[in-house]
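In: Provided below for reference: sequence and predicted model.
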Amino acid sequence: MTQLPPPSEVKLGLVIDLDTCVGCHACVVACKGWNTENYGAPLGDEDPYGAEPVGSFLNRVHSYEVQPEEGPAQLVHFPKSCLHCEDAPCVTVCPTGASYKRAEDGIVLVNEDACIGCGLCAWACPYGAREMDPVEKVMKKCTLCVDRIYNENLEPEDREPACVRTCPAGARHFGDLGDPTSDVSELVAARRGFDLMPEQGTKPVNKYLPPRKKDVEIDVLAPMLEPIAIDAHGFLGWIDRTLGKLPGGGA
Amino acid sequence: MTKHEQPKVDTSPKVSDEVRQTTCYMCACRCGINVHMKGGEVAYIEGNRDHPVNRGVLCAKGSAGIMQHLSPARLKAPLKRVGPRGSGQFAEISWDEALELAKSWMEPLRETAPEKLAFFTGRDQSQSFTSWWAQAFGTPNYAAHGGFCSVNMAAAGIYTMGGAFWEFGQPDWENTKLFMIFGVAEDHDSNPIKIGLGRLKERGAKVIGVNPIRSGYNAIADEWIGITPGTDGLFILSLVHCLMKAGKIDLDYLAKFTNAACLVNDDASSESYGLILRDEAGKEMVMDRETHHRVPFDQKGVNPDLTGRWRHAGITYRTVMSLMADRYMSNDYAPEVVGPVIGMDANRIRRVAAELAEVAFDQAIEIAQPWTDFRGEKHDKMIGRPVAFHAMRGISAHSNGFQTCRALHLLQIILGSVEVPGGFRFKPPYPKPYTAHPKPHAKGKPGQPLAGPHLGFVHGPDDLAIDDDGTPLRIDKAFSWDHPMSSHGLMHMVISNAHAGDPYKIDTLFLYMANMAWNSSMNTSGVMRMLTEMDEDGNYVIPHLIVADAYSSETVAFADLVLPDTTYLERHDCISLLDRPISEAEAAADAIRWPVVDPDRDVRGFQSVLLDLGHRLGLPGFVAEDGAPKFKDYADYMVNHERREGIGPLAGWRGKNGKAGGRGKPNGNQIERYKEAGGFWMSHIPDEALYYKPWNKAYQDWAVKIGLFDAPQPYLFSLWSEPMRRFQLAAEGQGKRQPPAHLKDRVHKAMDPLPIWSAPFGDTDMDEYPLHALTQRPMAMYHSWGSQNAWLRQIHGVNPMYVPTAVWQENGFEEGDWARVTSPHGEIVVPVAHMAALNAQTIWTWNAIGKRKGAWALEDDAPEAKKGFLLNHLIHELLPPKGDGMRWANSDPVTGQAAWFDLRVRLEKTEAPDEVKPNFNAQGSPVGTGPEELARESDARSFLRAQVQATISEKLAKFKPRGPA
Amino acid sequence: MHPAPSIIVFTTLSGIGFGLLIFLGLGLPALTGWLAFIAFGTAFSAAVAGLVASTFHLGHPERALLAFTQWRSSWLSREAWLACGALITMGLYGAGAVLFGVRIVPLGWVGAAFCLATIGATSMMYGQLKTVPRWRHWTTPLLFFAYGLGGGALLAGQIAAAIVLIALAGVVQVLAWYLGDKALAATGSDTGTATGLWPRGEVRAFESPHTGPNYLTREMVFVIGRKRSTQLRVISLILAILFPIAVLVIVPGHVFAALAIISHVLGVLTARWLFFAEAEHVVGLFYGAL
Ligand SMILES: Nc1nc2c(c(=O)[nH]1)N[C@H]1C(S)=C(S)[C@@H](COP(=O)(O)OP(=O)(O)OC[C@H]3O[C@@H](n4cnc5c(=O)[nH]c(N)nc54)[C@H](O)[C@@H]3O)O[C@H]1N2
Ligand SMILES: Nc1nc2c(c(=O)[nH]1)N[C@H]1C(S)=C(S)[C@@H](COP(=O)(O)OP(=O)(O)OC[C@H]3O[C@@H](n4cnc5c(=O)[nH]c(N)nc54)[C@H](O)[C@@H]3O)O[C@H]1N2
Ligand code: SF4
Ligand code: SF4
Ligand code: SF4
Ligand code: SF4
Ligand code: SF4
Ligand SMILES: [Mo]
């Protein structure tokens, strides 16, 4: 239903580590693969072999260049899918009730059979997390793999989102952000995870871990390179002296 | 407020009817996959958690496998050309007709001049088999794609330390504290590297990326060194200089495990000048520190003297270490001297050296694991130097790449960080010294098989594949004076040499799995012309071209005969310890592919086709005694072929009862056992043997036991390369075989037995062509073959030329602009984009996104054809003529590695054209184009969904909305 | 935002249609019989055509009935109900006037209120969106009301009211442009804040996730050149506001009124096109389009 349920205790979501994401798009395609064969209609592609292929994807990886005041420019790969917001504006705008937030775990879903494809929810989402399927004309969005995470037909270790399972770098984490003692919550606390566009008041559940500081100059290492010799001759002499001191060293 | 209502979601839907486990082949990384089947169709592909390579993860390509498997570009039947070459006009023919046609071309060649068949393979994962076929045919002209790929890395590693990066070794991800990665965008080991980087990040280990471009792995590196292309060798040797000068080197390691203590003949007038002193048995000799006696390096109790000097019979012998001191202590490598060339501050070079030293020595680690070395000396622990390195084509695809790769290995070795905890580790069948590899074989006799494998490791001029008059025996001139140590051949030179009839003309060119008329050739337009050029009699200059491909590629359009392969989910394959297995540093492992679905077209697995062709040609090894085919198909070969007694393509479940691992009699149930086990076999290396493998008795014994080699073969790392020195000696006028006059200087310079840096050949006209131009592999695309994939091509459908800030501003570029990019060889007109995190003298683009119109079942107005482009048009396979009019191959003078990254260009803004230039007329598509809409789901699922939707529409018809109360 | 023709037509026509109905409901003019038939016919055609046009934009118009369910939270749902209420009450009212020559005055008032509310609901579909700072502003409902009422008055032949209301629309429009141009900047959001990377330095979108367009870039990342937008603003002001007012003031009369109406409708269509085309959706920040 279009009205939001009271905030749930369990808040399932993703934590994405921008310090580790190499921008490989593995999560993008694993998501497409899983969701094409599961939850709702397949993720369609229009003009797939032609001039302007446009398909629906529930997760996309951007990249940004950051120019710090000092030092070289940096590149940050930036995966983005639905953030399963607590105050999800995409839900409240929906005229049909197709968009809803689950009361038990906070997952925001679209009931595709009730979706009229008006697109209003996609307009309401600040993050670009909803895409109209070009073939089925229903609204598509990240389901947080609701059909994996509780799926009793999967091995317990596989009950996690397809994108998390596939991420080669381990940059994606899944868990209960409502529980401050969960692994993901602790990770967020330790790494100062942040919200995207807090000014939109959506209270996203998903969190992002910032890239660590880069290109830091350490200049306390100079003694490491104190010369022991200035030429080949002196160098060999040093070797002799040093080996002589090693246990078992000769003359 | 009403109560919150929500639909019921089935959170436990059935995932699939069945999971079939096989090996991915969306690239050469060889990950294990779980193929979920629904109603007999492939429904979903995910990584296999138990697999040693990918441990459950899968890259973008791997997950998109289903779209490759169902690609509209799949070839459907054997094809015979009916239009002119390149037009893509074909008639479908039967397999029998196709194979008889091939036979009719090949049979006469075998009887008269087997070298007139050239068989070259691209992303071949069955090289031990394809080379065996070529060997049986008797042509010297066989190689896989290593020559244009990264032979510098492979050869430098094997010649120096008996193993290489590639996918043959890996950092000790779990223990390393400082990881330095040179020139890697993606690599063959793509998932393992990403998994490894993830582990480093988790542990907070530092990553330094050395790359002109800061994307991908370099983007997450804690420190980025945006080096000027082609100068890594200088940077590395400067680090070596700093470390040696500070005495931050592992003396014990150098003395015991490398040839640093070996005695080198230092008498310029001697025939053996520069060669290592050996005993009668041929063992390298060192001086013992205690006794001052010369003893073979492997003697028990020896304490090799790194600084020893010996005079005997008028000849002075010095250690390799003292030769190294002469070279690397020199001011030529001082950071102040080197800095400006590589574009780096001298202090920063020093700081990196200091960091390496600090981590290697002050943060050394120990593993409480006793082990025994090959001399019989017992060690109670394993000492680790937790600095690890990895490198790939960024350093190797330059004309100075071989020496740069050697330089990097030198750096690793003086830090004592190879095969130790926290350092770099080999994966079985490595370590394996170059001396344990075969030497190349190229002299054939009509009607006879070749005496041994084509490719190998030369030890000196005697092993070259040349005639008595010095003429190369191979069409690619591998193992000739042009490129003496070209262990992987030079596939990029085959078409150009064959077209020029230099060293001779050939009749039939047989290409498997390589897109040679497009992205894997230099000078693509030229190659397309060479393939279509006719002689005076109206015959094609290269008379016959057979292409074995699975898809409608650019090269297919040029074939006279096309042998359509299956997709990777429809055939047997063998990822064998005999060539490029799936081993990890802790285990030997191999794997299979098997048909998880049967092909729905008239296509056949290429290896089975090759077996059939071998039988038709009556090749030895392919015909049983009764004249029937020796092997029914490739699966039969995988199980029953034996290379040596008890050693076959697959190491797992051998022996009658299937209990033997490694060595054992063939087992008829072997493939079933692989399937049950998830598609792979793995044998763990004992704990005692996990490190120090080249010198570790326990490892050597284990390797013999599982059949990696037949006797223990401990060896020393070759800091000083004797094979190279032998070529230098020849260039100095020693020996029977000497380089031709015009190559003497070049050979002498290139074959320096100690790593050295020289400017890349491309760096000649730097005023005219001030910029470096590079390509990088996109992680979500595999060369040309990803573009047929409806999912992947949305990610990379066009490739702009990325331009650094200064160049962007100088040219007044704005988003959407185009530029003309000119090299000494040609020009292209392409879209540009701005990138700040880029070396200031470098421009770059994604590799192999551009497509020829009509290829890959794409429509003619596909963005890949209109806005995507190849850099290859700017790269010539030959360097510009020198003073004497001679043109050298654009390759490393040592190995023949294609120097893709030597390219220099200039660029200027131009009007935006309709499409990139050059552009070519559309090739005909033997498979048509793809559908206009896709909603990929299995039939089983779409049936279910249709049912659900029918009930819903019924409900909806009865639905009456409840209004505001 | 992508200026989808169906939505532009929908909002323009239904706005004018409901605007006209408001005046008819208020008895301005108080028509019966044939004249009422023509007037109500025109109003209904415009309003219904607009509503029908809006369904062209739906992926699944066959499920449109479901859009009535979420009136508690959704402005679109509310609009659906209000439009129905408006059409039904005004339908009854109109039927009385046309068929029986009877104007049930209270029904007309109720109908007019429904119509006004419908226009308001339509405007709130846009005005509620925090993601489009230009729209989330008091000028948005005012603009819809002014255009709806101005157009309605014009069609209803209420010259004086038309002049005032259209002039008011002009003022609101200019204000909306002036304030709207600053709305995005006023939120303080940029690519740096959107990505949270701002503390590290200047943030610039480097590569898009996919090289081609996607639903989001097509639907929400529509960029219009400043020059083109200025031109269109001037044109729409002339057509929708200045020319009709001039005509009404200078040459009253049926023939010229028709010209004024045509001009006004074209002008509103242009303004509505701009309303969408100029609206910056914050998702554009992720795509480096803003
Ligand atoms: N500018 C530039 N050029 C480069 C490089 C570069 O860095 N820069 N890199 C070079 C390097 S290292 C390499 S390795 C080459 C790679 O270049 P290629 O070896 O040409 O690789 P692909 O484009 O993948 O083409 C391989 C062919 O195999 C076919 N194929 C795919 N799957 C199958 C199958 O299952 N069976 C069969 N029979 N065929 C199949 C494809 O259809 C395609 O025609 O490119 C080289 N070219
Ligand atoms: N996804 C994907 N994976 C692949 C492939 C693919 O096509 N797609 N191809 C496979 C093949 S055949 C190969 S050979 C491997 C190759 O894997 P890589 O070795 O990673 O090959 P490239 O993508 O060519 O990357 C070369 C890198 O070197 C950098 N570079 C260029 N010149 C220099 C230099 O002078 N110094 C330094 N330090 N860096 C430099 C470039 O910026 C680039 O980042 O990848 C394999 N894996
Ligand atoms: S799979 Fe992981 S590393 Fe790759 S793009 Fe997605 S989050 Fe980043
Ligand atoms: S990210 Fe967008 S789609 Fe997801 S809950 Fe938040 S507003 Fe809704
Ligand atoms: S598109 Fe579907 S889910 Fe989104 S608001 Fe419209 S009806 Fe609701
Ligand atoms: S959680 Fe599932 S649906 Fe969401 S992005 Fe990941 S794979 Fe896609
Ligand atoms: S790296 Fe990707 S494409 Fe290559 S084998 Fe592994 S999963 Fe397949
Ligand atoms: Mo390669």
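Out: Yes, it's here. What you see is a predicted model, and the numbers here were worked out from it, not measured in a lab. Ligands and ions are numbered 1, 2, ... in the order given.
In: where do the strands sit along the stretch 751-900 of chain B?
Out: Assigned strands in the stretch 751-900 of chain B, in chain order: B:771-776, B:801-803, B:818-822, B:827-834, B:842-846 (criterion: DSSP state E, counting those that start in this stretch).
In: Of the ones you listed, which stretch is the most buried?
Out: strand B:842-846 (a mean of 26; mean count of other CB atoms under 10 Å in any protein chain shown). No exception for glycine: its C-beta is placed from N, CA and C like everyone else's.
In: Leaving out sequence neighbours, find the closest residue to the closest residue to ligand 4 within the stretch 101-250 of chain C.
Out: Nearest to ligand 4 in the stretch 101-250 of chain C, going by CB to the nearest ligand atom, is C:Thr131, at a distance of 8.6 Å. Nearest residue to C:Thr131 in three dimensions, chain neighbours excluded: A:Pro126, at 4.7 Å (CB to CB, 6 or more residues apart in numbering or on different chains).
In: Please name the residues that touch A:Gly13.
Out: A:Leu83, A:His84, A:Gly106, A:Leu144, A:Phe174, A:Gly175, A:Leu177, A:Val184, A:Pro204, A:Val205, A:Asn206, A:Lys207 (CB atoms under 8 Å, 6 or more residues apart in numbering or on different chains).
In: among the residues you listed, which are in helices?
Out: A:Val184 (DSSP state H).
In: Output the contacts of A:Gly13 as CSV; include the columns neighbour count and distance to chain C.
Out: Below are those laid out as CSV (neighbours: other CB atoms under 10 Å in any protein chain shown; distance: CB to the nearest CB, whole Å):
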residue, neighbour count, distance to chain C
A:Leu83, 26, 12
A:His84, 28, 17
A:Gly106, 25, 18
A:Leu144, 28, 19
A:Phe174, 22, 20
A:Gly175, 20, 20
A:Leu177, 25, 16
A:Val184, 21, 17
A:Pro204, 24, 11
A:Val205, 26, 15
A:Asn206, 26, 12
A:Lys207, 25, 10
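In: Can you tell me which of the contacts of A:Gly13 end up in strands?
Out: A:Phe174, A:Gly175, A:Lys207 (DSSP state E).
In: Poorly predicted segments of the stretch 1-150 of chain C, please.
Out: Applying pLDDT under 70 to the stretch 1-150 of chain C picks out no residues at all.
In: nope, the stretch 151-251 of chain A is what I was after
Out: A:246-251.
In: Spell out which residues of it are next to ligand 6.
Out: With CB under 6 Å from any ligand atom as the criterion, the stretch 151-251 of chain A comes near ligand 6 at residues A:Pro161, A:Ala162, A:Cys163.
In: List just the nearest of these to B:Ser953.
Out: A:Ala162 (29.9 Å; CB to CB).
In: How about the secondary structure of B:Trp224?
Out: What DSSP: H, G, I helix; E, B strand; the rest coil gives for B:Trp224 is strand.
In: residues in the stretch 151-251 of chain A within reach of ligand 4, list them.
Out: A:Thr202.
In: B:Asp565 - nearest residue in space that isn't next to it in sequence?
Out: In space, B:Asp565 is closest to B:Ala550, 4.0 Å off (CB to CB, 6+ apart).
In: need the contact list for the one you found.
Out: B:Arg74, B:Leu75, B:Pro564, B:Asp565, B:Thr566, B:Thr567, B:Val603.
In: Then B:Ile795?
Out: A:His25, A:Val28, B:Ala60, B:Pro778, B:Ala780, B:Met781, C:Pro209, C:His210, C:Thr211.
In: With the flanking residues excluded, which residue is spatially nearest to the residue in chain B positioned nearest to ligand 5?
Out: Closest approach between chain B and ligand 5, counting by CB to the nearest ligand atom: B:Pro7, at 12.3 Å. Distances taken as CB to CB, 6+ apart put A:Asn111 closest to B:Pro7, at 4.7 Å, once the chain neighbours are dropped.
In: count of neighbours near that neighbour?
Out: By the criterion of other CB atoms under 10 Å in any protein chain shown, A:Asn111 has 20 neighbours.
In: Pull the contacting residues for it.
Out: Counted by CB under 8 Å, 6+ apart, A:Asn111 has contacts A:Gly97, A:Ala98, A:Ser99, A:Tyr100, B:Pro7.
In: how distant is stretch B:142-150 from the center of its chain?
Out: Remark: stretch B:142-150 is offset 8 Å from the chain centroid, using CA atoms, centre = their mean, to the nearest Å.
In: where does the residue of chain C most remote from its centre land on pLDDT?
Out: Residue farthest from the centre of chain C, counting by CA atoms, centre = their mean, is C:Arg200 at 41.8 Å. C:Arg200 carries a pLDDT value of 95.
In: out of everything not next to it in sequence, what's closest to it?
Out: That would be A:Val66: by CB to CB, 6+ apart, it lies 4.9 Å from C:Arg200.
In: picking that back up, distance to ligand 1 for the strands of the stretch 751-900 of chain B - can I get that in a markdown table?
Out: Conversion of the strands of the stretch 751-900 of chain B to a markdown table gives the following (distance: least, CB to the nearest ligand atom, whole Å):
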| stretch | distance to ligand 1 |
| --- | --- |
| strand B:771-776 | 4 |
| strand B:801-803 | 12 |
| strand B:818-822 | 13 |
| strand B:827-834 | 11 |
| strand B:842-846 | 9 |
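In: Out of these, the one nearest C:Arg103 is which?
Out: strand B:827-834 (66.2 Å).
In: That closest one near chain A anywhere?
Out: No - Strand B:827-834 is not in contact with chain A by CB under 8 Å from any CB of the partner chain; minimum separation 8.6 Å.
In: could you say what helices and strands that strand packs with?
Out: strand B:801-803, helix B:805-810, strand B:818-822 (3 or more CB pairs under 8 Å, 6 or more residues apart in numbering or on different chains; DSSP states H and E).
In: The same query, at a cut-off of 7 Å, please.
Out: For strand B:827-834, the packing partners by 3 or more CB pairs under 7 Å, 6 or more residues apart in numbering or on different chains; DSSP states H and E come out as strand B:801-803, strand B:818-822.
In: can you tell me which residues contact A:Gly23?
Out: For A:Gly23, the residues meeting the contact criterion (CB atoms under 7 Å, 6 or more residues apart in numbering or on different chains) are A:Val61, A:Ser63, A:His77, B:Gly216, B:Ala219, B:Met779.
In: pretty sure the second one contacts C:His210?
Out: No - when contacts are counted by CB atoms under 7 Å, A:Ser63 is not listed as touching C:His210 (11.8 Å).
In: Looking at those two, which has the bigger crowd around it?
Out: More crowded of A:Ser63 and C:His210, by other CB under 10 Å: C:His210, with 24 against 19.
In: measure that one to chain B for me?
Out: Using CB to the nearest CB, to the nearest Å, we find C:His210 at a distance of 5 Å from chain B.
In: so that residue touches B:His796, yeah?
Out: No - contact criterion CB under 7 Å: C:His210 and B:His796 do not qualify, at 8.3 Å.
In: circling back: the residue nearest to C:Arg200 in helix, strand or coil?
Out: Classified using three-state DSSP, A:Val66 is strand.
In: That one: neighbouring residues, count only.
Out: That count, for A:Val66 with other CB under 10 Å as the rule, works out to 23.
In: what's the answer for B:Pro543, then?
Out: Neighbours of B:Pro543 (other CB under 10 Å): 16.
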